[in-house]
Structures are given as structure tokens and as C-alpha cells.
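In: structure of the sequence below:
(chains A and B)
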Amino acid sequence: TQLLEQSPQFLSIQEGENLTVYCNSSSVFSSLQWYRQEPGEGPVLLVTVVTGGEVKKLKRLTFQFGDARKDSSLHITAAQPGDTGLYLCAGSYNTDKLIFGTGTRLQVFP
Amino acid sequence: DTGVSQDPRHKITKRGQNVTFRCDPISEHNRLYWYRQTLGQGPEFLTYFQNEAQLEKSRLLSDRFSAERPKGSFSTLEIQRTEQGDSAMYLCASSFRGKIEAFFGQGTRLTVV
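Out: Next up, the predicted model:
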């Protein structure tokens, strides 16, 4: 059972475009993390959000945690080919295991 | 900083054989997690340790799977009598107790033929 649904599943865009990836759940999480994964590699942590309504920025990436701590979004401004990868959200009820989303595969063409 | 290390990176085995994977967490991290990821999916939790104690096991972890962390440092994941459905990326992660962030290794890709 996948508790975290991500949309879209696939996204193919041109360099310079903006995009938003959504992560939705019916469950309330104590924290939510975003990872990026490249083929054949493990996920790399991008950010952790813990407070409802929290917004964090990482260069061209903006992460938001929903007020009710059930959903999150990742916005990328002026995407670059180096942003290509699988973006995963993962929720945690405490500091134990992570529950991962279904993933969004992003392809940015030059 | 050596990060989380997994060995081997790739393993091809015949159906019915046993395989063992190793994970070395970030030093001082007392929590260690195993996840499994199949193609096109997000990782799924298998089990986790706090020091040497195995605190939780997923229903995904059948009787053919066993994990150990004997001295609270490295961990091993063994799969007995492998099946084709075991083909996946096996990921290890570690964290410090009380901290949210988990850091992943590069994974071991298992192919059962």
C-alpha cells in the first residue's frame, strides 16, 4: 500500500522551464523529506521539512510542507539538464522508518 | 566522511542460491535501515536496527530474508534460496537516533537469473 502519491509520474521539459512536483497523502506526517536519485545510485537527501506551512529554498528548488502536514510540493525554477533524475518524497511518523512516495521521473532536455 | 558504504554494488546469482550483502553505516550513526527498490518504484522499508537490536521488520521480509547487526556497526542482509522476484536494488541507510535525516548508500543491485 503506497501511502504517498506523487504527481506527475513523468515529466519531460526543456531547459529553462519551471515545474512543480506534488506529494500527497491522507496521513499526517511528523516530517517529510525530499530525495533525488540517479540511475544505479542511492537516493540523496535534498531537504527535510517538519513544520506545517514551512517553506525551504535550496538554490532553484523550493519545498513546501502543507499546513496539515499531509502534502508537500517541490518547485524547480529554470530547470537545467543537471536536475534530471527521480524525485522521491518520503514521510516519517517519528524518527523511524521512511515511507516513500511513488516517485517523479524528471527529464530536462538542453 | 566516508558515507554509507554497501558491498557488492552488483550481484548476479542463479535462482535458489544464497546471497549476502553488507552495509557499513556512517560512523556514530546508531540506526541502520534496509530498503528494497524495484524498477520504477520508490524504496520500500524492510527492517531497521538501533545499535545491535532489530526493532522492526516489514511483512515484506519473508522467512528467506535475515538481517543482522552483531556489533552495532556494520550490517548484513542475507537472502536464502533466491527467487526471480527478489531481483531489486537493496538500499541501506543510516541515521543518528533522534535525528530525522537518513543517508543512503549507493545500493546493491541483485539480479536473479
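
In: how far away is the residue nearest the centre of chain B from A:Arg69?
Out: Closest to where the C-alpha atoms of chain B average out (CA atoms, centre = their mean) is B:Trp34, at 3.5 Å. Using CB to CB, to the nearest Å, B:Trp34 is found at 27 Å from A:Arg69. Backbone N, C-alpha and C define where each C-beta goes, glycine included.

In: B:Ser73 now?
Out: Taking CB to CB, one finds B:Ser73 at 34 Å from A:Arg69.

In: neighbour count winner among these two?
Out: Taking other CB atoms under 10 Å in any protein chain shown, B:Ser73 and A:Arg69 do not tie; A:Arg69 has more neighbours (21 against 15).

In: and B:Ala93, what does it touch?
Out: Contact analysis of B:Ala93 by CB atoms under 8 Å, 6 or more residues apart in numbering or on different chains lists A:42, A:98, B:4, B:32-33, B:35, B:102-105.

In: nearest to B:Phe45, of those?
Out: B:Tyr35 (5.7 Å; CB to CB).

In: tell me which element that closest one is part of?
Out: Using DSSP states H and E, B:Tyr35 maps to strand B:31-37.

In: could you list the buried residues of the following helix or strand past that strand?
Out: Downstream of strand B:31-37, the first helix or strand assigned by DSSP H and E is strand B:44-50. Across strand B:44-50, burial judged by 16 or more other CB atoms under 10 Å in any protein chain shown covers B:44-50.

In: mind putting those residues in TSV, distance to chain A and pLDDT included?
Out: Rendered in TSV, the data for the buried residues of strand B:44-50 read as follows (distance: CB to the nearest CB, whole Å; pLDDT from 0 to 100):
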residue	distance to chain A	pLDDT
B:Glu44	7	95
B:Phe45	4	94
B:Leu46	9	96
B:Thr47	9	96
B:Tyr48	6	94
B:Phe49	11	95
B:Gln50	9	93
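
In: is it true that A:Ala79 touches A:Val21?
Out: No. Contact status for A:Ala79 versus A:Val21: not in contact, 11.2 Å apart, counting by CB atoms under 8 Å.

In: overlap in contacts, the two.
Out: Shared contacts of A:Ala79 and A:Val21, counting by CB under 8 Å, 6+ apart, come down to A:Leu106.

In: now A:Pro8: phi and psi?
Out: phi -70, psi 170 (degrees, to the nearest 10).

In: how long is stretch A:81-88 end to end?
Out: 18 Å (CA to CA, to the nearest Å).

In: does that stretch come close to chain B?
Out: Yes. Using CB under 8 Å from any CB of the partner chain, we find that stretch A:81-88 touches chain B at A:Leu88.

In: avg pLDDT for that stretch?
Out: In this model, stretch A:81-88 has a mean pLDDT of 96.

In: the residue nearest to the centre of chain B and chain A, how far apart?
Out: Separation of B:Trp34 from chain A (CB to the nearest CB, to the nearest Å) stands at 10 Å.

In: make sure that residue is actually in contact with B:Pro25.
Out: No. The criterion here is CB under 8 Å, and B:Trp34 misses it with B:Pro25 at 11.1 Å.

In: between those two, which contacts overlap?
Out: The contact sets of B:Trp34 and B:Pro25 overlap at B:75, B:92 (CB under 8 Å, 6+ apart).
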